[in-house]
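J.: fold the following, please.
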Amino acid sequence: MTIFISVLVLGLIPSIWITRNYNSFISKRNRVDYAYGSIDVMLKKRHDLLPALVKVVQLHLQHENNLADKLMELGSQTDQEMGPVRQKIEFENQLSHQLNQWRAVARKYPAFRSTENFLQLQASLNEAEEQLSAARRAYNGTVFAYNTSIERFPANILAKALGHEPLAMFELADTARETNFVNV
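T.: Residues are numbered from 1 along each chain as shown. Predicted coordinates:
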């Protein structure tokens, strides 16, 4: 009887450990997906502002059509499926760079900065950027927890066997970090 109990315990403990870790990986991965969905919502909101931005630039700054063209090009790409997170991060870095250029152009023209359209757009972009920043922080927190759980010993052995790979953080390039329209 004691042999039966010993075999049962020796088989049960690893089964419980595997099940617990497997469920933990899945739960953390689902949290990452949920947080990524929040980023997608905020990016959609940001992208929806691009046509208004292009229109404002075209109306008020006829000689800055190159910037408007670049923004329109990026705006047309926002409707396409971006693929992996790394590709989306690169795209968002390009978009943030163009928004920074828009900010620099706006600084050159005080009359443009004081128009009602510009002020409304600036407020909308500020709000979108703040919400996007919060969504990125939440996403990166969940990615950190997930990556930590699959990299810790001995769970890393199980994670590797199950095909769990570390995920990329949603980090912005240095130029994208400067996107802040408050001081335009």
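
J.: tell me the contacts of M42?
T.: The contact partners of M42, by C-beta atoms under 8 Å, 6 or more residues apart in numbering, come to A128, Q131, L132, A135. All C-beta atoms are positioned from the backbone trio N, CA, C, and that covers glycine.

J.: ranking those residues by neighbours, who comes first?
T.: Within the contacts of M42, L132 tops the neighbour count with 22 neighbours, counted by other C-beta atoms under 10 Å.

J.: could you name the helices and strands sitting against the helix or strand where that one lies?
T.: L132 belongs to helix 116-151 when elements are defined using DSSP states H and E. When contacts are defined as 3 or more C-beta pairs under 8 Å, 6 or more residues apart in numbering; DSSP states H and E, helix 116-151 sits against helix 2-48, helix 50-60, helix 155-161.

J.: how far off centre is it?
T.: Taking C-alpha atoms, centre = their mean, to the nearest Å, one finds the center of helix 116-151 at 7 Å from the center of the full chain.

J.: same question, stretch 84-100
T.: Distance of stretch 84-100 from the chain centroid (C-alpha atoms, centre = their mean) equals 9 Å.

J.: same check on stretch 162-173?
T.: In terms of C-alpha atoms, centre = their mean, the centre of stretch 162-173 is set 11 Å apart from its chain centre.

J.: and what of stretch 42-61?
T.: How far stretch 42-61 lies from its chain's middle: 20 Å, per C-alpha atoms, centre = their mean.

J.: right, so the helices and strands packed on helix 116-151: which one is the most enclosed?
T.: With neighbours defined as mean count of other C-beta atoms under 10 Å, the helices and strands packed on helix 116-151 peak in mean count at helix 50-60, which reaches a mean of 17.

J.: now do that helix, average pLDDT.
T.: The average pLDDT within helix 50-60 is 71.

J.: same question, stretch 154-168
T.: What stretch 154-168 shows for mean pLDDT is 90.

J.: can you give me the end-to-end span of it?
T.: One end of stretch 154-168 sits 22 Å from the other (C-alpha to C-alpha, to the nearest Å).

J.: next, the angle helix 2-48 makes with the helix holding L132.
T.: Using axes from the mean of the first three to the mean of the last three C-alpha atoms, to 10 degrees, the direction of helix 116-151 lies 160 degrees away from that of helix 2-48.

J.: now do the buried residues in helix 116-151.
T.: Neighbour counts using 16 or more other C-beta atoms under 10 Å place 118, 121-122, 124-125, 128-129, 131-132, 135-136, 138-140, 142-143, 146-147, 149-150 of helix 116-151 among the buried residues.
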